[in-house]
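Chemist: coords please:
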Amino acid sequence: MIKLRIDVDYPYPSRLRSFVYTALNVKVGNDYLKNSKILARMINESPKEVRAYWFFTPKTVPDEELLTMLNGEKHEAALHIVNQPYADMESLKTATGRQIRYYTIHGTARLLGRILWKRWKAKAPAIPRDFPLQSFHQFPTLVLDGCCYAKGTAKAVKIAEDSINQGKILEVHPEWLFQRGTINHRGPYYKALRTILEVDEELENLSVRNKSFVKIARDAREYEKDVYPTETFVEKLKDMGVGIFTFIERKWVHTIPQPPRSWHKANDNIALLQVKSYDEWWRNIGKKTRNMVRKAKKSGIMTKVSAADEELAEGICKIYNETPIRQGRAFPHYGVALQTVKRRVGSTKNSAFIAAYLEDELAGFIQLVHGDNIVIISQILSLQKHWDKAVNNALLAKAVEVCASQQVKWLMYGRMGNHPSLDRFKQNNGFTRLSLTRYYVPLTAKGKIAAKLGLYKEAKDALPQSIKYNLIPVYNWISRTKTKMKLN
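Modeler: Below is the predicted model:
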């Protein structure tokens with residue numbers, strides 16, 4: 001069983017609002033206990049056996065909506081004592097109509113906390129000997145939001161799962177569900193708890209970035225599967241504070257006939273190859289490209305589908321760390337550790353690797369991600385010292401062969417328009433530019449304002465192609481210079 005201790009210290013997601021309203025003893029707005037309600041929903045939806053102990057203060061007593069969510073066998077209301085044990089207990093009993101069994105003591109070590117809660121001394125209030133509630137402090141706990149702050153999500157999940165197996169209780173504070181507290185060394189722990197409870201799987205691949213004053217989210221697998229924002233999905237995004245959700249229309253599979261008028265549109269594109277057979281692809285590519293594939297074979301380059309094992313990871317790590325500059329710009333994978341590469345290669349989902357060998361050395365590789373009605377080229381890299389052997393051409397030819405043998409109709413290779421030489425390589429290998437529609441769905445008032453102002457637009461996509469191509473050498477020079485300065 002997963003046991004949770006939830007200390008509801010403050011009533012609002014915003015720390016500032018919580019401080020002000022707690023000091024003034026008022027409740028304003030419809031986001032009272034918002035994060036607590038998100039936690040309650042997650043617990044209720046979890047297929048796991050969960051028991052949550054909710055510790056409320058006199059300033060965070062549950063409203064009717066939260067009380068309704070706390071029905072059932074998964075939840076128990078408890079007392080978070082601030083100053084007066086008996087008065088606080090009676091107040092909570094009256095507000096909830098529930099039997100109270102446990103208590104904890106609210107910590108107010110900092111001056112601001114003592115002022116807010118009118119605890120003028122840092123010392124915790126004395127608990128009477130005849131106090132009828134049982135202390136919850138006796139149970140061993142793991143502070144999950146603190147663990148996420150210190151270790152990161154992946155490690156925190158592993159530590160939490162080990163702690164659960166040891167019988168420990170996971171302690172969380174709703175205010176740190178999505179935000180990070182540098183002074184308190186807390187959170188955010190939503191992703192970790194989502195994994196532990198096995199809920200919100202549709203948000204697993206969600207990527208969120210801040211653009212001006214609004215959060216814009218997208219599904220990182222939007223090219224692999226059809227994405228459409230359902231009502232439930234939208235509500236969960238709003239809970240996370242997302243203002244705009246964006247996704248593409250995969251028109252090689254289906255189209256959206258009547259999108260809502262509130263959705264904003266932008267032009268996007270991908271480099272796409274329709275695979276009918278390897279022989280047809282071979283006939284359609286130019287003579288120069290065919291000669292490059294032949295050259296690779298004559299140079300001793302052998303390609304094959306490879307297992308995602310330690311040997312492959314070691315070869316990929318060598319390619320990553322061969323040079324800090326690739327295609328005239330800084331290479332983001334340079335300097336990556338072998339253990340990191342092993343972890344990434346071993347944990348890839350829906351992926352296959354094609355390796356190119358020169359004798360016993362990995363000369364290059366291509367990673368293929370299998371999606372719904374498409375295979376996506378995630379990476380194609382080769383050792384710079386073997387670029388004269390047309391390794392990438394051999395890898396791409398093998399990728400087409402694999403797709404044809406598996407009857408995969410579409411092969412995607414990123415976008416077009418951001419790198420002239422790479423665009424030519426794609427075109428020479430049979431890829432064409434497919435124009436797509438990207439939708440931007442405003443979810444909140446802030447999102448609607450940002451959408452009307454066009455703040456979701458990318459500057460590089462707004463520029464005409466001729467201007468963009470002229471600016472690319474400047475960008476590459478800046479990128480190289482920064483890398484050289486960093487290395488020096």
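Chemist: residues near the nearest residue to Leu206 once chain neighbours are set aside, how many?
Modeler: Once flanking residues are discounted, Leu206 sits nearest to Ala217: 5.5 Å by C-beta to C-beta, 6 or more residues apart in numbering. Backbone N, C-alpha and C define where each C-beta goes, glycine included. A count of nearby residues for Ala217, using other C-beta atoms under 10 Å, gives 21.
Chemist: now do the phi/psi pair for Ala217.
Modeler: phi -120, psi 150 (degrees, to the nearest 10).
Chemist: contacting residues for it?
Modeler: Leu206, Ser207, Val208, Arg209, Leu237, Met240, Val242, Ile244, Phe245, Thr246 (C-beta atoms under 8 Å, 6 or more residues apart in numbering).
Chemist: neighbours of the fourth one, just the number please.
Modeler: So the one you mean is Arg209. 9.
Chemist: which SS state does it fall under?
Modeler: strand (DSSP: H, G, I helix; E, B strand; the rest coil).
Chemist: which strand residues bridge it?
Modeler: Ile216 (DSSP bridges).
Chemist: OK, contacts around it?
Modeler: Lys215, Ile216, Ala217.
Chemist: let's go with 10 Å and repeat that
Modeler: By C-beta atoms under 10 Å, 6 or more residues apart in numbering, the contact list for Arg209 reads Lys215, Ile216, Ala217, Arg218.
Chemist: what of the first one?
Modeler: Residues touching Leu206, when contacts are defined by C-beta under 10 Å, 6+ apart, comprise 191, 200, 217-221, 233, 236-237, 240, 242, 245.
Chemist: cool, the second one as well?
Modeler: Under the criterion of C-beta under 10 Å, 6+ apart, the contact list for Ser207 reads Ile216, Ala217, Arg218, Asp219, Ala220, Arg221, Glu222, Thr246.
Chemist: which pair in those residues has the greatest spatial separation?
Modeler: Using C-beta to C-beta, those span at most 16.7 Å, a distance reached by Ile216 and Arg221.
Chemist: neighbour-wise, which of these two wins?
Modeler: Ile216 (21 against 18).
Chemist: tell me how far the more buried one lies from Val441.
Modeler: 10 Å (C-beta to C-beta, to the nearest Å).
Chemist: so what sits against both of these two?
Modeler: Val242, Gly243, Ile244, Phe245, Thr246, Gly447, Ala451.
Chemist: which of these fall in helices?
Modeler: The helices, defined by DSSP state H, take in Gly447, Ala451 from these.
Chemist: closest one of the shared contacts of Ile216 and Val441 to Ala77?
Modeler: Checking these one by one against Ala77 (C-beta to C-beta), the nearest turns out to be Val242, at 30.5 Å.
Chemist: ok, and the closest non-adjacent residue to Ser212?
Modeler: Leu455 (4.8 Å).
Chemist: repeat that for Ser46.
Modeler: Leu197 (4.0 Å).
Chemist: okay, now the one you found: neighbour count?
Modeler: By other C-beta under 10 Å, neighbour count at Leu197 equals 19.
Chemist: cool, the one 5 residues further on as well?
Modeler: Burial of Glu202, expressed as a neighbour count using other C-beta under 10 Å, amounts to 13.
Chemist: then Asn284?
Modeler: Using other C-beta under 10 Å: Asn284 sits among 12 other residues.
Chemist: do a quick rundown of the helices in the stretch 351-488 of the chain.
Modeler: Along the stretch 351-488 of the chain, the segments classed as helices by DSSP state H, counting those that start in this stretch run 391-405, 420-428, 445-452, 459-462, 465-487.
Chemist: hmm, who's touching the second one?
Modeler: Same thing as helix 420-428. By C-beta under 10 Å, 6+ apart, helix 420-428 touches 271-273, 285-286, 288-289, 292, 327-328, 377, 380, 392-393, 396, 413-417, 419, 431-433, 465, 468-469, 472-473.
Chemist: recalculate using a threshold of 6 Å.
Modeler: Ala271, Thr289, Tyr413, Met416, Tyr469 (C-beta atoms under 6 Å, 6 or more residues apart in numbering).
Chemist: likewise for the first one?
Modeler: Contact partners of helix 391-405, identified using C-beta under 6 Å, 6+ apart, comprise 275, 277-278, 281, 292-293, 296, 301, 303, 354, 356, 363-364, 366, 375, 380, 382, 411, 429.
Chemist: return a ChimeraX selection command for the buried portion of the residues you listed.
Modeler: Selecting the buried subset of the contacts of helix 391-405 in ChimeraX, with 16 or more other C-beta atoms under 10 Å as the burial test, is done by:
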select :275,278,281,292,293,296,301,303,354,356,363,364,366,375,380,382,411,429
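Chemist: what about the contacts of helix 391-405, which are in strands?
Modeler: Ile301, Thr303, Ile354, Ala356, Ala363, Gly364, Ile366, Val375, Ile380, Ser382, Leu411 (DSSP state E).
Chemist: quick check: the second one vs Gly430, distance?
Modeler: Applying C-beta to C-beta, one obtains 17 Å for the distance of Thr303 from Gly430.
Chemist: same check, this time on Gly97
Modeler: In terms of C-beta to C-beta, Gly97 sits 70 Å off from Gly430.
Chemist: ok, now Met240?
Modeler: From Met240 to Gly430 the distance is 41 Å (C-beta to C-beta).
Chemist: let's have the contacts of Arg209 in TSV, adding pLDDT and distance to Met69.
Modeler: Listed next are those as TSV, based on pLDDT from 0 to 100; distance: C-beta to C-beta, whole Å:
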residue	pLDDT	distance to Met69
Lys215	95	25
Ile216	96	29
Ala217	96	25
Arg218	96	29
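Chemist: and Ala307, what does it touch?
Modeler: Residues near Ala307 by C-beta under 6 Å, 6+ apart: none.
Chemist: cool, thanks, talk later.
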